[in-house]
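Engineer: Predicted model and sequence below, questions to follow.
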Amino acid sequence: MSRRRVDPITLGVIWGALQSIAVEIGTTVHKTAYSEQAREGQDFSVAVFDAEGRMVAQGPYSPGHMGAMSFAVQHALAAHPARTLKPGDAILLNDPLLGSGHLPDFFITQPAFHDGALIGFAVNILHHTDVGGSRPGSQGVEGIFDYFQEGLRIPPTKVWSAYRENDAVVGVIAANTRTPSSVLGDLRAQRSALRVGELRLQELAARYGRDTLAAAMDEILARTEANMRAAIREVRDGVYTFEDFMDDCGPGTEPLRVAVTVTVEGDRMDIDYDGSSPQTASGMNSYINYTRSYSYAAVKCLTDPFGPMNEGALRPVTVSAPEGSFLNPRPPAGGGPRAIICYRTFEAVIGALAPALPARVSAAASHMANPTFGGWDRAKRRRFVAYELVLSGTGARAAKDGCEAMSWAFNASNIPVEAQEANQPIVIERFELIRDSAGPGRFRGGAGIRRDMRFLADEGKLTNLSDRQRFAPYGLFGGRPGAVGRTVFNPGPGEEVVHGKASREFAYGDVISFQQSGAGGYGDPFERDPARVLEDVLDDYLSTEAARAQYGVVITGEGAALRVDVAATERIRRQEKRNR
Amino acid sequence: MSYRVGFDVGGTFTDFVLQSSTGELHTAKRLTTYPDPSEACLAGLDELMERAGVPWTQLTQAVHGTTLGSNIVIERKAQGIGLLTTRGFRDVLIIGREKRYQVYDLQIEKPAPLIPRRMIAEVRERVLADGSIRDPLDEEDARRAIRALAARGVTTLGICLLHAYRNPAHERRLAALVAEVAPEIAVTLSHEVSPTFREYERTSTTVVNAYVMSAVREYLQSLQAAMRERGYRGRLFVMQSSGGVATADAMERYPVRMIESGPAAGALMAAVYGELTGHKDLIAFDMGGTTAKLCLVENGRPGTTTAFELHRVNNAPGSGLPMNIQAIDLVEIGAGGGSIARARLGVIAVGPESASSTPGPVCYGRGGHEPTVTDANLVLGYLNPAYFAGGTMKLDVGAATRAIDQKLARPLGLEVEEAAWGIHTIVNTNMELATRVVSIERGRDPRDLTFVAFGGSGPVHGCRLAQALGIPRVILPAAAGVTAAIGLLAAEVKFDVARTFVARLDTLDPATVSAMYDDMAAQALDVVRQSAVTAQLTVVRSADARYVGQGYELTVPVPGGRLDAAALAAVRTRFDEIYAARYGYSSPGEPVEIVTWKLSAVGGTPRVNLAKAATAGTRDPRKGERPAYFPERGGFVDTPLYDRYLLTAGASIVGPAIVEERESTTVLPPGAAATVDAYANLIVRLPVAGTPDEPVLELIR
């Protein structure tokens, strides 16, 4: 398709404006949302699409929805063709196959018109607190064998018509959630955000003309694609493979294999998950849109991290997984807890490309926990559903340590202790880094984080969602894996270790401790500068015992007077080299 | 005769303004000194007072603007800063909020924490979200922790306990224990510095306050002492980020409030110029060498924010240090004369990287080799190569032309002047987006506003920028280069108090709030009274409100006097209106709660008397002509040049024209009509009705 050429200056202006529209949609969701996961955790995504349903700009939120978005908009428009849409209409869907893989993600597409002609779409996807099903939070693993147990499924449906809420649809949603006030509140946040996006798109069309805007959007996609192709061309051609395992899909089950083959050929990249485990009779399945999202995100990180993100950047990359595998399940497979699978698809691609791009990759990150809780809040006399995101450190890089406490592929924020406690029957007892958990290396990974939560609630129900409790985050190029994580009931004497994907009850006053894995190291830990090891001991990231065992660095003295015993360190390190 | 002096320390220059009670104005400019900026301050003050023939004893007020606090934080040089917190939470500062500010960057770094982990200690205690004490403070444990920190060399201690904004008893008790166990340690308490929820942001604010405390105190005390030695008998006032001034003594406890005080003064001064010319609703546009700052002024007052982030990476939200302080709501972007232009993806991209003063733009001839906005403006004929900074610097047009040709024009297939015009336009576009943030996103139609452009580069770009936004009127103040320093003299004495008290508006007892406001007013007035120059004091109240269940608030005005049910109902209605204007819809059926109650005590506005322009001149202000680039005229056209200092009140100029002065250059595009007002300001009217090549933005309400 060729439209008239847009001069470079106008193109630059429109490009910047589309990006700022995406940001403004996101800011509006963030500032007006009701639920902790949306307003504090920022578990949502936003984008601007052109009139043909192609993503032209994306906001700086969770990348996980991005691959899904392009496909979901197509599905929404297949059910409600663009020519049937009117100003103020919006299409909602949460079907796992059509959307982003699980029911809590409400995906809404709102068209924008100028002088009666379609100019594009504002799109927002937001993770809602609860959409019914067997577990509070709708993210159960155990006992789930299809998505009908996970809550309300919405095919592409007009949730707003001509700027008015569709009372019937909203009423059905409200009747099928344990938390109608936060779900309806978050829906209002989505509505405000998309309205803001629609207005900004209209202003842009009014200013530059519809044709110029459309031509600019074409050009943006074409240039981004060319840019991405050039970036891929810099990666050495080859077939790269990697395998890793998720712990399992619930108590008493086997590990899930994630196998990836990345083929780099000229300016294109193919990612295939052949060899990965079959789909599971649990919630642990990642529908193909979700698998695509994090595969794209990994490629983007390794090739063109600062370039624009839109559909053009996706074109040179294909993602496939065998139908019927847990990375491309057939409906009605369950998918509620699929968020914790994203780390693994993302890291598998990075692991595969490590030999080709040693300076760009990062070792595996500490794994997040994304548990949900429900029960009866005695003090406020109401049922509650709470959501948590325990995010820890990232993996070491070729020339620097991993970050402490930094979200990984799934880009979200933690929920402030004071916000969680103000709204939920929860007292957080600890929120801290775990000593000696970081994967050793010439550069070390970030530490695991521990978050202990006491529940002042009756009839408590935990849906645990953790991983890397059996298979540690990998190190690279001689770097060691981080320590595995665990989930503990009432830590201390008589504590009980709980399975990472258990569904179980808790009693009033129980403490549940989420102790996350440490991130992987990079390079030989016996080559780490002893001065850096000493710093880590002084700051209590590392015990003197671990300094010796993990790094071969001998530290003597007490308190602020700790120092490296250089001679002993050199002796131990020499001996270790000989023994290898 | 009495005098007031304002002096503002910037990254490159320190500006001085001395004004007599009759309005006579003296200005000076001097290079900022490092590491001790007070050297330049004192030298400049000495010079200015001597030149004006004013003895120090006749000085009644000195107002200081400084970015000292910000600089200390950037350099991470402070030593001996510690933090005491609730057991189990020593890592709040290191953990932060964890979101990636650059989504796809695997090499990302978090800002280095201000305090190493070894200087953070925990105490056994626990306050719950409702303010109740679950675990009383273990005083033995606390003494041990304080001694341990003292042994590690802590000299300034931040104390931030969970939920202290609801119940500060334990923080207060800890302060008393520090005084007992280690009296040499200075203390800063989170509930005093930032009484609001979200522990990371409050801890960060408290720690920044502790971090700059001793350096700011020493600096202000030695500066005051030096001024007293010279005979100054008044108090030293400091500009806060909020735009109010307070005594240096008051700032010693809350230095975080003056973390970035220079830019606030510029916005204030824009408000004064607006007022002077009868325009109370305006956009202040301050464009310097590195950044451009934009601020919405409504009804004569710059907007303020309570969520401020220091030192962001490429302006990315979440990449800086968050601080809960009242600050003038400026949008600052990397767009200045030194912003570097590059070809990226086949289009011109400008900034945010800056060539700053070293090496500077290519045309400075100091080793810069990447073309900048200033280079483009020179090539376009807007700047006078022989009269930059009043002729103290010569600019190299040839070098600028070659750089633009090699780095941009050839790679993009453009002519040199097209590429230069592209740089000029793209930087305008970047600033335009920022302007939209401060106007349209705040629910204001820019076409109803007046644009006040100042700073070294502001008058070069101001008219074009205003035109692109459909703004019909631009004010280009006299002495644009020292606008911020003049602003210091226009600032009110002001002190802000905020309290978190979450309550639903429909069930709230008005008497409770009235009593709390009385208490807050007493606290704020006490500080202001100690320093007020005039006796007239006013109190302004507002509240941060949200729908019950939300997590972020919008600020609503709260009427004065005793509150009753009707007053609270009016607050609620106003909230719905503000919400709808910002977010498209409101929810009048949903309950509203107030989270933070705010109050500012304000001393009477001081008068700034601005010098009047001459009404009749003896010399022709027109000093020649030069080819300058105006695409609507087909390219370079001979453009008349004017000497701003020879323009008399009532004079008028029609664009295209260029007006030169020492610190800046005004570009009047074709169609612009400027007149000189009584105060030597240029008041420009721009043609705004949709011209074919620049259709006016149609706002949808």
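Structural biologist: On my side now, so go ahead.
Engineer: Those residues of the stretch 101-250 of chain A touching chain B, which are they?
Structural biologist: Taking CB under 8 Å from any CB of the partner chain as the criterion, the neighbours of chain B within the stretch 101-250 of chain A are A:181-182, A:185, A:188, A:191-193, A:195-196, A:199, A:202-203, A:206-209, A:223-224, A:227. In this view, the C-beta of every residue, glycine as well, is placed from N, C-alpha and C.
Engineer: Taking those, please make a PyMOL selection of just the buried ones.
Structural biologist: Selection of the buried residues among these in PyMOL, burial being defined by 16 or more other CB atoms under 10 Å in any protein chain shown:
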select buried, chain A and resi 181+182+185+188+191+192+193+195+196+199+202+203+206+207+208+223+224+227
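Engineer: Which ones among the residues of the stretch 101-250 of chain A next to chain B lie within helices?
Structural biologist: Using DSSP state H to define helices, the subset of those located there is A:181-182, A:185, A:188, A:191-193, A:195-196, A:199, A:202-203, A:206-208, A:223-224, A:227.
Engineer: which residues touch the closest residue to A:I449 other than its chain neighbours?
Structural biologist: Setting aside the residues directly before and after it, A:I449 is nearest to A:S392 in space (CB to CB, 6 or more residues apart in numbering or on different chains), at 4.0 Å. With contacts defined as CB atoms under 8 Å, 6 or more residues apart in numbering or on different chains, the neighbours of A:S392 are A:365-368, A:405, A:446-449, A:516-519.
Engineer: And A:S392, what's its pLDDT?
Structural biologist: Here the pLDDT value assigned to A:S392 is 94.
Engineer: can I assume it sits in a strand?
Structural biologist: No: if the criterion is DSSP: H, G, I helix; E, B strand; the rest coil, then A:S392 is coil and not within a strand.
Engineer: Now do the phi/psi pair for it.
Structural biologist: Per-residue torsions, A:S392: phi -120, psi -150 (degrees, to the nearest 10).
Engineer: got it, and B:V379?
Structural biologist: Per-residue torsions, B:V379: phi -60, psi -30 (degrees, to the nearest 10).
Engineer: Name the nearest residue to it, sequence neighbours excluded.
Structural biologist: Nearest in space to B:V379, with sequence neighbours left out and distances taken as CB to CB, 6+ apart, is B:A420 at 4.2 Å.
Engineer: in what helix or strand does the one you found lie?
Structural biologist: In this structure, B:A420 sits in helix B:416-438 according to DSSP states H and E.
Engineer: Repeat that for B:V595.
Structural biologist: Secondary structure assignment for B:V595, by DSSP H and E: strand B:592-603.
Engineer: quick one: is that strand near chain A?
Structural biologist: No: among the residues of strand B:592-603, none lie within reach of chain A under CB under 8 Å from any CB; the closest is 10.0 Å away.
Engineer: ok, that strand: who's next to it in the sheet?
Structural biologist: strand B:494-504 (antiparallel), strand B:537-547 (antiparallel) (DSSP bridges).
Engineer: Return the member of those strands having the minimum mean pLDDT.
Structural biologist: Summarising mean pLDDT across the strands paired with strand B:592-603, the least confident stretch is strand B:494-504, with a mean of 85.
Engineer: Check which helices and strands the following helix or strand past that strand sits against.
Structural biologist: Scanning the chain past strand B:494-504 towards its C-terminal end, the next helix or strand to appear is helix B:510-531 (assignment: DSSP H and E). With contacts taken as 3 or more CB pairs under 8 Å, 6 or more residues apart in numbering or on different chains; DSSP states H and E, helix B:510-531 sits against strand B:245-247, helix B:248-253, strand B:494-504, strand B:537-547, helix B:565-583, strand B:592-603.
Engineer: May I have helix B:510-531 exported as CSV, CA atoms only?
Structural biologist: Taking only C-alpha atoms (Å, rounded to 0.1, in the frame of the first residue of the first chain), the coordinates of helix B:510-531 have been written out as CSV:
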residue,chain,number,x,y,z
PRO,B,510,-16.8,18.8,59.9
ALA,B,511,-15.8,19.9,63.4
THR,B,512,-13.0,17.3,63.4
VAL,B,513,-11.5,18.7,60.2
SER,B,514,-12.0,22.3,61.4
ALA,B,515,-10.1,21.5,64.6
MET,B,516,-7.3,19.8,62.6
TYR,B,517,-7.0,22.7,60.2
ASP,B,518,-6.8,25.1,63.2
ASP,B,519,-3.9,23.1,64.5
MET,B,520,-2.2,23.0,61.1
ALA,B,521,-2.7,26.8,60.7
ALA,B,522,-1.1,27.5,64.0
GLN,B,523,1.9,25.4,63.1
ALA,B,524,2.4,27.0,59.7
LEU,B,525,1.6,30.6,60.8
ASP,B,526,4.2,30.2,63.6
VAL,B,527,6.9,29.6,61.0
VAL,B,528,5.7,32.3,58.7
ARG,B,529,5.2,34.9,61.4
GLN,B,530,8.8,34.5,62.4
SER,B,531,9.9,35.6,59.0
